[in-house]
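A.B. asks: Starting from these lines, generate the structure:
(3 chains)
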Amino acid sequence: MTRSGFGIGRIRWNWFAAFSGLLVLLPLASETNTPTLLAIWALFALSLGLMWGYAGILSFGHAAYFGLGAYTYAIASFNIGESTGPLCLAILVPMVVAAIIGAMMFYGRISDVYLGVITLVVTLILNRFMNATAGDAYRIGNARLGGFNGIPAFPILNLPGEPDVQIFGTPYYYVVVACLLGGYLLARFILSSSFGRALIGIRENELRMELLGYNVPALKTAIFAICGGLAGLAGALFANWAEIVTPSVFSLGQSAEVIIWVIVGGVGTLVGPMIGAVLLGTLKIMLGMQTSIDNSLVLGAILILVVLLIPRGFAPAFVAWRGRLLQLQAYRRHARGTTRRRLHLKEAE
Amino acid sequence: MSEVVVETRDLSVHFGGVFAVNGVNFSLRERELRCLIGPNGAGKSTFFKSITGQLQGAESSGQVLIRGEEVTTWPTYRIMRLGIGVKTQVPSVMNGLTIEENLWLSASRTNPDAADAIVEEIVAELTLQSIARRQVRELAHGQRQLVEIGLVLANKPWLVLLDEPAAGVTGQEMQRLVAIIRRINRTAALIVVDHDMHFVRMLEARITVFNQGAILVEGSADSVLNDVRVREVYLGNRAR
Amino acid sequence: MDYLAVVLLEILYMIAFLALISAGLAIVFGMMRVINLAHGEFVMLGGYATIASSKAGINIYLAMLVIAPIVVGAIGLLVERLIVRFLYGRMIDTMLATWGLSLLLTGLVTLIFGNTAVSVPAPIPGYQVGRYQMGGYNLFIVAVTVMLVVSMWLVLRYTRVGLIARGAMLGPDIVSALGHNPRIIYMLTFTVGAALSGLAGGVLAPLTGLLPSAGGAYIAKAFITVITGGAAVVAGTLTTAGLFGTVNQVVSFASTPVIGEIAMLALAIVLLRLMPQGVTGRFFRNST
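C.D. replies: Have a look, this model is predicted:
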């Protein structure tokens, strides 16, 4: 019970090693610019998938934390010479903001729909605000916020302690992959702990968990903050990849995209959202290279179809499948037992 | 004289322009078994919820005390942590998880090291072994009620609140239920809310009758169930 | 003195603007608990319908008050039959599917009309208030909104149709009890809501250049106006439109329009946190 169960199998270390190996060897076979972006999106999708699939918290504005991470990194790196501090801040700031907003919502017993609305509005506020910060007056320290043009040309990631050794290209790809794998392992670790089990319980029946004495608002705020931090990390990595941050990181479109990635990949697994991000991200990049089919159109159609055709969403479908698998195993065990008993009876005759 | 473990002093709960609970003074002693009955709308559920802290957003006055501590404004989980188990009207269980997983969540909050052992113990006690690994959503209603009782027990509470435990159970299951309640009563106090008079009689406990938000009558099973006022309240008029 | 008049007129306009773009969404949310995130796109489509028919030679008033509602109403009907009706009762799924729809519609319109702004001139000239030049067309918008809100209220309160509609708000069983098929009622309600959104888009079309992405601006404001308004269709929308419009304009005048908009959004969060059932869940509970 303590290491598996609750719909989470044990980590298959051989698969994990194989996959990591593939990622490590990738640069030998292709350029790394696109895979880096896809890995960043996968991390972003993981941060939403963890919260939505396992704690049942669907944020309609998860891009807020992605954007906060990106902007925090850019602003901080202009002001601090070196990049280690800014990267840490880029995780902390979104985490703290998420904790505050989460606490406000969860201690106020806000239900799913209104949660969606509030998280949406928060992203809107950030978007509107950042879009309007053009002009010299809007600056934090050395960094001009730049309005809808954003903040370009900030110092990118460097080797910790050596501000002149910048990390870009293939070495940066490895940094991003390390963050992605690290994020995955963190998520796994959380889920196999009693904290993670409690979150799953909360997803299933919040009232019952509260009646069992679990401090539900605190637990939800905690995971909301953690996922905000992970999204922030993805945002900071994105800033370094793009070498510019603009208010579009807070856009409704960005929030919609990550939801679509998670829902297509599979709500209720950790790997699903990452796969969804890679697949749909690739599609987006390919669509971006031509003008006849619009990206929004395709994504919109996909979202509609997924919602209509997967009744009650993916997670229950997954759970039902798992239930059937358990039944099948039980049946097999029973069948083996019966056969053995029949054989014994035959021998006794 | 044993200690008073649950007490309400002049408790009134007011919403939508009505006093759902009106000046109720209630007390329960250690390891006492009490039944709460009364017609629909009498305020039993509201009273129940005010003890469990589930009335956010209603205006209430008066006090709720558990083992002498005032819990009137406490959130539900904090009250539950005092050692209380609650079974709700509609079975409130984790449908997508197995019976074992459900029980583990309950046991591990109070006893993380012994959780697995407690789960096994409860599964055995409620004879759920054959379905322990099945998902709760696939179970029949009566079985789900049992799972919920298991959830309540896994926490080892000293006070148990049951809201309509006999709803929808078969005759045989009801016998079993009464046996389980008696067993719980050996170590815990119980408040049982129910409509089923047959079930209430089987429990042979002290009864509190609610009507229109207030306590109408309180006493032993025999005296209450033969009381004219109680019959009136259930039959709705002054019929003999 | 004339500055005060200008401020008041601007506030009035803002309130009317919010009420106008929210009307369609309010009907659909109030009656069916459906949150249509493609509502902004419906408004945008109303604008495009108006501009396209005006450019084709049709009288502008006809285009905005008749053509736009009919076109968008028809689109709404299609949407209800193909998507929304499978998702009743599933609020999150409806939000997701209509969000997909909003992306789809934006992409579709971009494909058809391209990404450059189209516009049509305002048919009513400006006027003077003291030293200030005011847009006369804004007064027309206020007038249309007032007529719309009043007729909505009258229909809901005093007609048989309105009675059935209000019954529908309480649940499909009430509608059945009144002898009507709830599915048909919901279909009609969604269509009417879409038509009203189209009307709003049509009326607002002469204001600025219209882009396929215009929906985004409308949805945010309409959304918060309706959700914080609560279940009562007319009273709720009016109350929150009044609150938000006033706050938005007052703060805008005191600082910048962006801060004004942010103040409005922040107020929405505060209201939702304090009154999760919306304003009319707490006050004015028995209003329409």
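A.B. asks: Could you use CA atoms for every contact and neighbour count after this?
C.D. replies: OK.
A.B. asks: Give me the phi and psi angles of residue 43.
C.D. replies: You didn't say which chain, so I picked chain A. Dihedral pair for residue A:43: phi -60, psi -40, per degrees, to the nearest 10.
A.B. asks: Show me the shaky parts of the chain.
C.D. replies: Using chain A here. Applying pLDDT under 70 to chain A flags residues A:1-4, A:311-349.
A.B. asks: You answered for a different chain; I wanted chain B.
C.D. replies: B:1, B:57, B:235-240.
A.B. asks: So which residues on it come close to chain A?
C.D. replies: Counting by Cα under 8 Å from any Cα of the partner chain, the residues of chain B close to chain A are B:76-81, B:85-86, B:92-98, B:101-102, B:105-106, B:109, B:116, B:133-135, B:151-152, B:155.
A.B. asks: Now, of those residues, which are buried?
C.D. replies: B:76-81, B:85-86, B:92-98, B:101-102, B:105-106, B:109, B:116, B:133-135, B:151-152, B:155 (16 or more other Cα atoms under 10 Å in any protein chain shown).
A.B. asks: Quick check: strands, which of these are part of them?
C.D. replies: Counting by DSSP state E, the part of those found in strands is B:85, B:86.
A.B. asks: Show me the buried ones among the residues of chain B next to chain A that map onto helices.
C.D. replies: Residues of those located in helices (DSSP state H): B:76-80, B:101-102, B:105-106, B:109, B:116, B:151-152.
A.B. asks: Residue B:210: which element?
C.D. replies: strand B:206-211 (DSSP states H and E).
A.B. asks: Show me what that strand is in contact with.
C.D. replies: For strand B:206-211, the external contacting residues (Cα atoms under 8 Å, 6 or more residues apart in numbering or on different chains) are B:33-39, B:41-44, B:215-221, B:224, B:230, B:233.
A.B. asks: Just the buried positions in it, please.
C.D. replies: B:206, B:207, B:208, B:209, B:210, B:211.
A.B. asks: how about the closest residue to chain A within chain B, what does it touch?
C.D. replies: Nearest residue of chain B to chain A (Cα to the nearest Cα) works out as residue B:77 at 4.2 Å. The contact partners of residue B:77, by Cα under 8 Å, 6+ apart, come to A:210, A:211, A:212, A:213, A:214, A:215, A:216.
A.B. asks: thinking again about what came up before, buried among the contacts of strand B:206-211? Need that as a selection in PyMOL.
C.D. replies: A single PyMOL command selects the buried members of the contacts of strand B:206-211 (16+ other Cα under 10 Å):
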select buried, chain B and resi 33+34+35+36+37+38+39+42+43+44+215+218+221+224+230+233
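A.B. asks: Could you tell me which of the contacts of strand B:206-211 are located in helices?
C.D. replies: Those of these mapping onto helices are B:44, B:221, B:224, B:230, B:233, per DSSP H.
A.B. asks: and the two most separated of these?
C.D. replies: B:44 and B:221 (17.6 Å; Cα to Cα).
A.B. asks: What ranges does chain B have for its strands?
C.D. replies: Going by DSSP E, chain B shows strands at B:4-15, B:18-29, B:33-37, B:59-66, B:69-70, B:84-87, B:159-163, B:189-193, B:206-211, B:214-219.
A.B. asks: And the first one, what's buried?
C.D. replies: The one in question is strand B:4-15. Residues of strand B:4-15 classed as buried by neighbour count (16+ other Cα under 10 Å): B:4, B:5, B:6, B:7, B:8, B:11, B:12, B:13.
A.B. asks: Can you name the residues bridging to the fifth one?
C.D. replies: Right, the one you point to is residue B:8. Residue B:8 has these beta-bridge partners by DSSP bridges: residue B:26, residue B:64.
A.B. asks: I'd guessed it sits against residue B:28; true?
C.D. replies: No: counting by Cα atoms under 8 Å, residue B:28 is not a contact partner of residue B:8; they are 9.3 Å apart.
A.B. asks: is any part of the one helix or strand residue A:301 maps to close to chain C?
C.D. replies: Counting by DSSP H and E, the element that carries residue A:301 is helix A:295-309. Yes: under the criterion of Cα under 8 Å from any Cα, chain C is reached by helix A:295-309 at A:295, A:296, A:297, A:298, A:299, A:300, A:301, A:302, A:303, A:304, A:307, A:308.
A.B. asks: Please report how far residue C:21 lies from residue C:245.
C.D. replies: Note on residue C:21: its distance to residue C:245, by Cα to Cα, to the nearest Å, is 12 Å.
A.B. asks: same thing with residue A:22?
C.D. replies: With Cα to Cα as the criterion, residue A:22 and residue C:245 are 56 Å apart.
A.B. asks: Name the residue of the stretch 101-250 of chain C that lies nearest to chain B.
C.D. replies: Closest point on the stretch 101-250 of chain C to chain B, by Cα to the nearest Cα, is residue C:231, at 16.3 Å.
A.B. asks: Next, count neighbours for residue C:137.
C.D. replies: 19 (other Cα atoms under 10 Å in any protein chain shown).
A.B. asks: Who are the contact partners of it?
C.D. replies: C:122, C:123, C:124, C:125, C:126.
A.B. asks: Surely the second one is within a strand?
C.D. replies: Pointing back at residue C:123 there. No: counting by DSSP: H, G, I helix; E, B strand; the rest coil, residue C:123 is not part of a strand but coil.
A.B. asks: Spatially nearest residue to it, not counting backbone neighbours?
C.D. replies: residue C:137 (7.2 Å; Cα to Cα, 6 or more residues apart in numbering or on different chains).
A.B. asks: For residue A:164, give me its contacts.
C.D. replies: Residue A:164 sits next to residue A:158 when contact means Cα under 8 Å, 6+ apart.
A.B. asks: Same question for residue B:97.
C.D. replies: Residue B:97 sits in contact with A:6, A:7, A:204, B:135, B:136, where contact means Cα under 8 Å, 6+ apart.
A.B. asks: Could you dump those residues into TSV and include distance to chain C?
C.D. replies: Shown next, in TSV, are those (distance: Cα to the nearest Cα, whole Å):
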residue	distance to chain C
A:6	24
A:7	23
A:204	16
B:135	23
B:136	23
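A.B. asks: now, which of those sits nearest residue C:204?
C.D. replies: residue A:204 (45.5 Å).
A.B. asks: And the closest one, how close does it get to residue A:57?
C.D. replies: From residue A:204 over to residue A:57 (counting by Cα to Cα), the distance is 11 Å.
A.B. asks: what does the stretch 1-150 of chain A have sitting close to chain C?
C.D. replies: Proximity of the stretch 1-150 of chain A to chain C, by Cα under 8 Å from any Cα, involves residues A:104-105, A:108, A:110, A:112-114, A:117-118, A:121, A:124-125, A:128-129, A:132.
A.B. asks: Could you turn the buried ones of these into a PyMOL selection?
C.D. replies: Buried residues within the residues of the stretch 1-150 of chain A next to chain C, by 16+ other Cα under 10 Å, are selected in PyMOL with:
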select buried, chain A and resi 104+105+108+110+113+114+117+118+121+124+125+128+129+132
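A.B. asks: Sitting in helices, which of the residues of the stretch 1-150 of chain A next to chain C do you find?
C.D. replies: Those of the residues of the stretch 1-150 of chain A next to chain C lying in helices (DSSP H): A:104, A:105, A:112, A:113, A:114, A:117, A:118, A:121, A:124, A:125, A:128, A:129.
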